[in-house]
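Participant: Give me the fold of what follows.
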Amino acid sequence: MPSRPSSGDSPTPVSYVMPVLNEAGYLEAAVASIVAQDHPGEFEIVLAVGPSTDGTADIVARLANDDPRIRLVENAGMDIPIGLNLAIAASRYPIIVRVDAHTELAPGYTSRAVATLTRTDAASLGGVMIATGRPGLQAAVARAYNSRYGLGGGAYHGEQAAEGPAESAYMGVMKADALREIGGFDETLRRGEDWELNYRLRQAGHIVWLDPQLRVSYWPRDTLRKLHRQFFATGVWRGELVRRLGASNPLRFFAPPILLISVVLSAVLLPLHLTGVLSGILGWILALAYLGPLAYLGLLVVAAITTPGSLADRLRLMVVLATMHLSWGAGFLVGVLRGARDVVDRSRTES
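Facilitator: Below is the predicted model of the structure:
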């Protein structure tokens, strides 16, 4: 069994694990950010490689050929939890640092993370996601991710987050022995695997910790179609977790589906009001359904007004936020009502 992080003179070695699928545009920068870390201990990078179609396989082969610290495991099923478990099983060191191919670690990330693990005796910790994007729609998606209006209040999305115990950990720097104790990632999940893993760690009595000094750059989806697919699939699997865990899920996850229901109800009621089919006291009572969409439209306007940029940038932000929230809400309802079944995020595999 791997040892705990050492507080002695010998630097703790770490294993970086990364699921990879169709990441030709981002993989090299992600790996470069790992290699550039100043942590003095030994390290390895274990890539769980899915059957990519965009030239990623050639990049992976070249990286592994150029650096013996990079090793590969095949992830034929493409599912992220399976790939993570395969990479963790193939790793040799007591600290597991998850890195996604769409991310780049800030300098000093690993040294800070290992020190914080030792200081807090946490089993899992994470930092803050800082989304970044190329000009245009991806930049708008990044602004939405970074905005307090975008992702529903998760601590690791806020630059002003306070250090301390947390519900979950973004990406995760974890003790290998704790992961093996609880059986690793749940391979029946295709999204939300990190939240569920940290939930089980907390249930087992371990500490999950947020250190906002840990910064990770994240490149989000760059088209509305991909963004919709990503958030719909994420919502479906969050609905599946609600079916499994019930009240253990935070209340904030129910806001997008409630919004979607109010939007659909308003769309049904509006022509009935306009044509006079609904009138009188009943009509006034049912008109209360419009308050949800109107309040949400006001929120989008406030988000646009308080965000720097051109008029086009602000309009893109409004569209992106609505796409994120409504897609997630629709997926959530599907997941709660019928379960996730075979829903997958195809935003990486389809144009």
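
Participant: what residue lies at the spatial centre of the protein?
Facilitator: For the chain, the residue nearest the mean C-alpha position is residue 170 (7.0 Å; CA atoms, centre = their mean).

Participant: Contact partners for that residue?
Facilitator: For residue 170, the contact set (CB atoms under 8 Å, 6 or more residues apart in numbering) comprises 126, 127, 128, 129, 156, 194, 216. From N, CA and C alone the C-beta is placed, and that goes for glycine too.

Participant: tell me which element it is part of?
Facilitator: Counting by DSSP states H and E, no helix or strand carries residue 170.

Participant: okay, it: pLDDT?
Facilitator: Note on residue 170: pLDDT of 91.

Participant: Against residue 22, how distant is it?
Facilitator: According to CB to CB, to the nearest Å, residue 170 stands 22 Å off from residue 22.

Participant: Who are the contact partners of residue 337?
Facilitator: The neighbours of residue 337, taking CB under 8 Å, 6+ apart as the test, are residue 239.

Participant: Surely it forms part of a strand?
Facilitator: No: counting by DSSP: H, G, I helix; E, B strand; the rest coil, residue 337 is located in no strand; its state is helix.

Participant: Just the C-alphas of stretch 54-62, formatted as PDB.
Facilitator: Only the C-alpha atoms of stretch 54-62 are listed here, as PDB (Å, rounded to 0.1, in the frame of the first residue of the first chain):
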ATOM      1  CA  ASP A  54      -8.400  13.900 -34.500                       C
ATOM      2  CA  GLY A  55      -4.700  13.000 -34.400                       C
ATOM      3  CA  THR A  56      -4.400  12.800 -30.600                       C
ATOM      4  CA  ALA A  57      -2.900   9.300 -30.800                       C
ATOM      5  CA  ASP A  58       0.100  10.500 -32.800                       C
ATOM      6  CA  ILE A  59       0.700  13.300 -30.300                       C
ATOM      7  CA  VAL A  60       0.500  10.900 -27.400                       C
ATOM      8  CA  ALA A  61       2.900   8.500 -29.000                       C
ATOM      9  CA  ARG A  62       5.400  11.300 -29.700                       C
END
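
Participant: Residues touching it, excluding its own?
Facilitator: For stretch 54-62, the external contacting residues (CB under 8 Å, 6+ apart) are 20, 21, 22, 23, 24, 25, 27, 28, 47, 49, 72.

Participant: So the fifth one sits against residue 52, correct?
Facilitator: Yes: assessed by CB atoms under 8 Å, residue 24 is found in contact with residue 52 at 7.5 Å.

Participant: between those two, which one's more packed in?
Facilitator: The neighbour comparison of residue 24 against residue 52 (other CB atoms under 10 Å) goes to residue 52, with 20 against 17.

Participant: I'd say the more buried one and residue 25 touch.
Facilitator: No: the criterion here is CB under 8 Å, and residue 52 misses it with residue 25 at 11.5 Å.

Participant: Find the residues that touch each one of these two.
Facilitator: Counting by CB under 8 Å, 6+ apart, residue 52 and residue 25 have no shared contacts at all.

Participant: which residues touch residue 340?
Facilitator: 189, 190, 236, 237, 239, 240.

Participant: Kindly reformat the residues you listed as TSV containing secondary structure, distance to residue 109 and neighbour count.
Facilitator: Converted to TSV, the contacts of residue 340 look like this (DSSP: H, G, I helix; E, B strand; the rest coil; distance: CB to CB, whole Å; neighbours: other CB atoms under 10 Å):
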residue	secondary structure	distance to residue 109	neighbour count
189	coil	26	21
190	coil	27	23
236	helix	31	27
237	helix	27	24
239	helix	33	28
240	helix	31	26
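
Participant: Pick out the lowest-pLDDT one from these.
Facilitator: Going through the contacts of residue 340 one by one, the lowest pLDDT turns up at residue 190, 88.

Participant: just to revisit the earlier point, and the contacts of stretch 54-62, which are buried?
Facilitator: Among these, those classed as buried by 16 or more other CB atoms under 10 Å are 20, 21, 22, 23, 24, 27, 47, 49, 72.

Participant: What's opposite the first one in the beta bridge?
Facilitator: Taking DSSP bridges, one finds residue 49 as the beta-bridge partners of residue 20.

Participant: and what of the last one?
Facilitator: When bridges are called by DSSP bridges, residue 72 pairs up with residue 47.

Participant: so it touches residue 64, yeah?
Facilitator: Yes: Residue 72 is in contact with residue 64 according to CB under 8 Å; the separation is 5.7 Å.

Participant: In a markdown table: the contacts of stretch 54-62, plus distance to residue 110.
Facilitator: Shown next, in a markdown table, are these (distance: CB to CB, whole Å):
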| residue | distance to residue 110 |
| --- | --- |
| 20 | 19 |
| 21 | 24 |
| 22 | 26 |
| 23 | 21 |
| 24 | 25 |
| 25 | 24 |
| 27 | 19 |
| 28 | 19 |
| 47 | 17 |
| 49 | 22 |
| 72 | 21 |
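
Participant: which two from these end up farthest apart in space?
Facilitator: Greatest spatial distance among those (CB to CB): 25 and 72, at 19.4 Å.

Participant: For the helix or strand of the chain with the lowest mean pLDDT, which helices and strands make contact with it?
Facilitator: Here the helix or strand of the chain ranked lowest by mean pLDDT, DSSP states H and E is helix 280-286, holding a mean of 91. Counting by 3 or more CB pairs under 8 Å, 6 or more residues apart in numbering; DSSP states H and E, the packing neighbours recorded for helix 280-286 are helix 255-274.
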